[in-house]
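**Q** What shape does this take:
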Amino acid sequence: MSEWRRSFNHGADHPVIGISPAELRSLTVQACIVPGNDRVYPRELGQIAHRLMPNAEYHEVLREDRPD
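**A** As a prediction, this is how the structure comes out:
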């Protein structure tokens, strides 16, 4: 768990925790990003991840973020 926590804390500021922007850019698999459906995953971070991932689709379920 210590190793996992160290990795988590190191990447806590990334759009997807633990995955750097460079790593997101390198992902070539298809992905579907649906952010903003809860308080933990706001739309803005999903939009950033979508822009970084070359083969990602983006879909919004809610048109606004849930309040804190």
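**Q** Every contact and neighbour count from this point should use C-alpha atoms.
**A** Noted.
**Q** List the residues that contact the closest residue to residue 52 other than its chain neighbours.
**A** The shortest distance from residue 52 to any non-neighbouring residue, by C-alpha to C-alpha, 6 or more residues apart in numbering, is to residue 25 (5.1 Å). Going by C-alpha atoms under 8 Å, 6 or more residues apart in numbering, residue 25 touches 52-54.
**Q** What's the local residue count around residue 14?
**A** 16 (other C-alpha atoms under 10 Å).
**Q** partner residues bridging the residue nearest the centre of the chain?
**A** Nearest to the geometric centre of the chain sits residue 16, at 3.4 Å (C-alpha atoms, centre = their mean). Counting by DSSP bridges, residue 16 is bridged to residue 19.
**Q** Which of the contacts of residue 25 ranks first by neighbour count?
**A** In these, the most neighbours by other C-alpha under 10 Å go to residue 53, 21 neighbours.
**Q** ok, for that one, nearest residue in space, not its chain neighbours?
**A** Using C-alpha to C-alpha, 6+ apart, the nearest residue to residue 53 is residue 25, at 5.0 Å.
**Q** Quick one, grab the pLDDT at the one you found.
**A** Looking at residue 25, its pLDDT reads 96.
**Q** now residue 42
**A** Residue 42 is assigned 76 on the pLDDT scale.
**Q** Surely it touches residue 34?
**A** No. Counting by C-alpha atoms under 8 Å, residue 34 is not a contact partner of residue 42; they are 9.7 Å apart.
**Q** hey, where'd the helices end up in this protein?
**A** With DSSP state H, the ranges of helices along the chain come out as 2-10, 21-26, 43-52.
**Q** which one of the ones you listed lies closest to residue 59?
**A** Closest of the helices of the chain to residue 59 is helix 43-52, at 9.6 Å (criterion: C-alpha to C-alpha).
**Q** Figure out how far that closest one is from the centre of its chain.
**A** 6 Å (C-alpha atoms, centre = their mean, to the nearest Å).
**Q** Could you do stretch 43-55 as well?
**A** 7 Å.
**Q** can you check stretch 28-42 too?
**A** Between the centre of stretch 28-42 and the centre of its chain there are 6 Å (C-alpha atoms, centre = their mean).
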